[in-house]
Every structure is written in structure tokens, then in C-alpha cells.
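> How does the following fold in three dimensions:
(one chain, ligands or ions: 1)
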Amino acid sequence: MLAPPWNVVECQLDINQTRLDIHLDFSGGSRFTCPDCGQANSAVHDTVPKSWRHLNFFQHDAFIHARVPRIKCNNCGIRVDHVPWAREDCKFMLLSEAYIMLLVPSMPVKRISELVGEHDTRLWRLIQHHVKKARYEADYANVKQVGIDETSSKRGHNYVTLVVDLEESKTIFAFEGKETLPL
Ligand SMILES: [Zn+2]
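Next up, the predicted model:
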């Protein structure tokens, strides 16, 4: 949940536009921790208005708005503070991201885009970000036994070969075709 110094200051529900706008703000005189060096108690220099897409609230498109503080750090100078509810430079809130990534393995991205009311190109960008990050962080040092098998999609055509960690029952590599490893 939202932690101090952040508060919800206004909620506007527009039935005709099927839109919910939630406005957040921090208490006057609040001090923030520098996102770069961790220096606590940094004063607010000025603020930048920003908006984020939230999960739809029933049939309403939901948006969060806040003035994001730029803080004056003794070590680093003027820095934009990271707000606790969103990944930097990302218009989806973390909660929406988690929700979308939960749906990804079980349904087509086009269907998710209809559910959350967002363009699928935008969703693909989000998915690629998380897949790339997960691949970068993956560690195969403890894989002892792999199984290699092909499977086909669309009734016997379009072969896909899977390389599976047999102990964890987890796919660790996949490529199109069934003849040779693209190594
Ligand atoms: Zn700093």
C-alpha cells in the first residue's frame, strides 16, 4: 500500500468517460532519500507532474497522477526521486505489470490487451523487457541433466525444439526447427 509521505488527495470517477483519475501527493516539507547515493533527508528542489496507467477499475480506465519531487542531494546535485509505485520511465504501475506478466503464459497477448485496455505493441515491449531481464539473471551453473525434444505447433508443422533442465522440469532454451542446434 501507499506509504508516507505519499497520500491519495483526490479521486475523480467519470461515469460517462468511464475513467478513474487518482491524484497522489506528498506532505509539505517532506524529505526524500537520494535514489543514486542513498543520502537520506534530501530537500525537495522542485516537482515534475507525471501520470501512470493503473489496472482498470471495473470498466473504468484508471490513471494515477502525482508531482514527482526532484530532490537536492548534497553529493549528487538535483536528482529525480523514484516513486514507490512504478518502475522508472514506465507508464504501467508495478501492480499492472505483475498482473500482465501473470496472464502472459496462459493467454494470447492480443486477449490481454483487450482485458487491460492497452495496445498490444506496448504489452510486447513490457514482456520483452521482463524476459530479457530474467534471461540475463538466469544461472544454469547447477543444471546437471538436459533433455532435448521437438514439439510442433499447428498440426504437425512449425517444429520447435526445447532444451529442458530435467531436474527442474524447466525449459532453458528453445529454437525453431528440429534438425540441428543453432550453436
Ligand atoms: Zn545523492
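> Surely residue 161 touches residue 152?
No - under the contact definition of Cβ atoms under 8 Å, residue 161 does not touch residue 152, with a separation of 10.2 Å. All C-beta atoms are positioned from the backbone trio N, CA, C, and that covers glycine.
> Looking at the two, which is more packed in?
With other Cβ atoms under 10 Å as the criterion, residue 161 and residue 152 differ in neighbour count, and residue 161 comes out ahead with 18 against 11.
> Identify the spatial nearest neighbour of the more buried one, chain neighbours not counted.
Leaving out its chain neighbours, the residue that sits closest to residue 161 by Cβ to Cβ, 6 or more residues apart in numbering is residue 150, at 4.7 Å.
> same deal with residue 160?
residue 151 (5.6 Å).
> In terms of helices and strands, where is the one you found?
Assignment of secondary structure by DSSP states H and E places residue 151 within strand 146-153.
> what does residue 67 give?
According to DSSP H and E, residue 67 maps onto strand 60-73.
> mind saving the C-alpha coords of that strand as CSV?
Included here for strand 60-73 are C-alpha records, laid out as CSV according to Å, rounded to 0.1, in the frame of the first residue of the first chain:
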residue,chain,number,x,y,z
HIS,A,60,-13.1,2.3,-16.0
ASP,A,61,-9.7,3.2,-17.3
ALA,A,62,-7.6,4.1,-14.3
PHE,A,63,-4.8,6.6,-14.1
ILE,A,64,-2.5,7.8,-11.3
HIS,A,65,-1.3,11.4,-11.2
ALA,A,66,1.4,12.9,-9.0
ARG,A,67,4.0,15.6,-8.8
VAL,A,68,7.3,13.8,-8.6
PRO,A,69,9.9,15.5,-6.5
ARG,A,70,13.3,16.5,-7.9
ILE,A,71,15.5,16.4,-4.8
LYS,A,72,18.6,18.4,-4.0
CYS,A,73,21.3,15.9,-2.8
